[in-house]
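**Q** here's a sequence, model it:
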Amino acid sequence: WVKYAIKLHTAFKTGNHIKFFRLAREATPIQLCLLSRSFPVMRNQVAKKLRRCYVDLEEGKFMEMMGLNDKEMLEEYLEHYGFTRERKEVKDGTNGSQWKD
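**A** Got it, this is the predicted structure:
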């Protein structure tokens, strides 16, 4: 348990959101309660990084990077940070949804 906590703390302090959210997926319900205060902080950091680095990404990639499972929550976060949704036709002929800065 202590090693796990140290890994989470290190990922949080270094801003390694991918490692942080992967570790969070392994957490017990009690650990998730303790981590719940860290999620908004880490998601804010991710959104700021994305605003500076990416032009457009697919919804699934955004959800993975922000550690979200709910599309509505994703939309709230991204709209708050100024991203807009853009529908595109994907190569296989289906409509895909992407977010643009």
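**Q** and stretch 10-21, what's buried?
**A** Residues 11-12, 17, 20-21 are the ones in stretch 10-21 that count as buried (16 or more other CB atoms under 10 Å). In this view, the C-beta of every residue, glycine as well, is placed from N, C-alpha and C.
**Q** in helices, which of those appear?
**A** Using DSSP state H, the members of the buried residues of stretch 10-21 that fall in helices are 11-12, 17, 20-21.
**Q** list the contacts for the spatially most central residue of the chain?
**A** In the chain, the C-alpha closest to the average C-alpha coordinate belongs to Met66, at a distance of 0.3 Å (CA atoms, centre = their mean). Met66 sits next to 17, 21, 43, 46-47, 74, 77 when contact means CB atoms under 8 Å, 6 or more residues apart in numbering.
**Q** counting contacts, what elements does the lengthiest helix in the chain pack onto?
**A** Residue-count comparison of every helix in the chain, with assignments taken from DSSP H, identifies helix 38-53 as the longest. Using 3 or more CB pairs under 8 Å, 6 or more residues apart in numbering; DSSP states H and E as the contact criterion, the secondary-structure elements in contact with helix 38-53 are helix 2-14, helix 17-25, helix 59-66, helix 71-80.
**Q** what about it, average pLDDT?
**A** Helix 38-53 shows a mean pLDDT of 78.
**Q** what residues does it touch?
**A** 12, 15, 17, 20-21, 24, 57, 62, 65-68, 77-78, 80-83, 101.
**Q** cool, stretch 15-27 as well?
**A** Where contact means CB under 8 Å, 6+ apart, the residues beyond stretch 15-27 that reach it are 4, 7-8, 10-12, 32, 35, 38-39, 42, 45-46, 49, 64-67.
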